[in-house]
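In: what would the 3D arrangement of this be:
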Amino acid sequence: MIQKITGVASKVSRFCLMQQRGLNYHLLILSGQVYAAIEQAVQHAPQMAEAHNLKGLVCECQGNFSAAIAAFKMAGYMLASTVGVDHLSLANKSNLVSLNLARVLCKVSFLPLSFSRFCNSDA
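Out: Predicted coordinates:
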């Protein structure tokens, strides 16, 4: 399951990057296949922060910012409740999720909240 999530993660990252660069790959995201795979990952492993983070990325690419915010918040919650993991790795993941959340909050003009979230990400 983790390998499947990792494979989907790299595809989502490439598609989002290509979309941000103006390439016409957003149709693949909008097709629903990527979202369905991520949703399946979240259903099978709801405790995995990576799955929620990926769902946030897909929702962001689709323009569904409220769902992206909810997914990034859930990923942050999952990371905050994680125990027995390398603290440096956990901090890196937590910072990544916080940056993703801050970026989406900026897109929907919640600038004070996004700055606050970013500044408190390493606390």
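In: packing partners of the host helix or strand of residue 103?
Out: Using DSSP states H and E, residue 103 maps to helix 87-107. Counting contacts by 3 or more C-beta pairs under 8 Å, 6 or more residues apart in numbering; DSSP states H and E, helix 87-107 is packed against helix 49-62, helix 65-80, helix 111-119. Any C-beta I mention is one placed from the backbone N, CA and C, and that applies to glycine too.
In: nearest to residue 102, of these?
Out: helix 111-119 (4.3 Å; C-beta to C-beta).
In: count of neighbours near residue 82?
Out: By other C-beta atoms under 10 Å, the residues close to residue 82 number 15.
In: and for residue 109?
Out: Residue 109: 9 surrounding residues under other C-beta under 10 Å.
In: give me the distance between residue 57 and residue 87.
Out: Residue 57 sits 24 Å away from residue 87, going by C-beta to C-beta, to the nearest Å.
In: higher neighbour count, these two?
Out: Ranked by neighbour count (other C-beta under 10 Å), residue 57 and residue 87 place residue 57 first, with 23 against 7.
In: wait, that one touches residue 100, no?
Out: Yes. The pair residue 57 and residue 100 qualifies as a contact (C-beta atoms under 8 Å) at a distance of 6.8 Å.
In: got the end-to-end distance for stretch 75-91?
Out: Length of stretch 75-91, first residue to last, C-alpha to C-alpha, to the nearest Å: 13 Å.
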